[in-house]
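Asks: build me a structure from this.
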Amino acid sequence: MDVSDAVRNRRSVREFLDRDVEDELIGKILECGRWAPSGLNNQPWRFVVVKNKDVKGRVAQQTRYCGIITDAPLCIAVFMDKSESYDRTKDLLAVGACIQNMLLCAHSLGLGAVWLGEILKNKEKVAVILEVPNSYELTAVVALGYPKDTERTSTRKPLDDLIFRFT
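Replies: Down below sits the predicted model:
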């Protein structure tokens, strides 16, 4: 799949088929995530892959979008390891690039995914549920699976409305 096509055609998927995602595909998605750029190549991202229904259910209770998490075959909790951080803003941007890589990879593999951020209001509770080290800070949960419906549309503002200045 052409990268520009993947960027333009990827959409957030919130409804999934009741079908497991193969471990090989999960590995490919995580592999794409780990190849994101990061300052000083510090690679501050850490992942927890959640397939267990009970654990997913407890994580789901930490967001108003609980149905998306419980219905997804798996979720990937993405953390920033603060012990690897040298600049918080730059490292959070790197983790965002990591997540975007994973979303694009999932799309290229015929999977659907959605980046859930509202759950961050309870990031400490999620960290306890997932039993991660204190240095890990939740940055997002990505729900993944085979999409129920592949037809999705979206619009964007015209580029001229977004460019402040050309100099």
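Asks: what's the lengthiest helix in the chain packed up against?
Replies: The longest helix of the chain (DSSP state H) is helix 88-108. On a contact count with 3 or more CB pairs under 8 Å, 6 or more residues apart in numbering; DSSP states H and E, helix 88-108 meets helix 3-9, helix 23-34, strand 45-50, strand 74-81, strand 112-116, strand 136-145. All C-beta spots, glycine's among them, are computed from the backbone N, C-alpha and C.
Asks: try 7 Å
Replies: Judged by 3 or more CB pairs under 7 Å, 6 or more residues apart in numbering; DSSP states H and E, the packing partners of helix 88-108 are helix 3-9, helix 23-34, strand 74-81, strand 112-116, strand 136-145.
Asks: list the contacts of that helix.
Replies: With CB atoms under 7 Å, 6 or more residues apart in numbering as the test, helix 88-108 has contacts from 1, 6-7, 10, 28-29, 32-33, 35-39, 42, 44-45, 78, 80, 85, 113, 115, 139-140, 142, 144.
Asks: drop anything exposed from these.
Replies: 10, 28-29, 32-33, 36, 38, 44-45, 78, 80, 85, 113, 115, 139-140, 142, 144 (16 or more other CB atoms under 10 Å).
Asks: low pLDDT regions in this structure?
Replies: For the chain, the stretches with pLDDT under 70 are 150, 152.
Asks: tell me, what residue is most central in it?
Replies: V142 (3.5 Å; CA atoms, centre = their mean).
Asks: leaving out chain neighbours, which residue sits closest to that residue?
Replies: I76 (4.6 Å; CB to CB, 6 or more residues apart in numbering).
Asks: L30 reaches V48, doesn't it?
Replies: No: contact criterion CB atoms under 7 Å: L30 and V48 do not qualify, at 10.9 Å.
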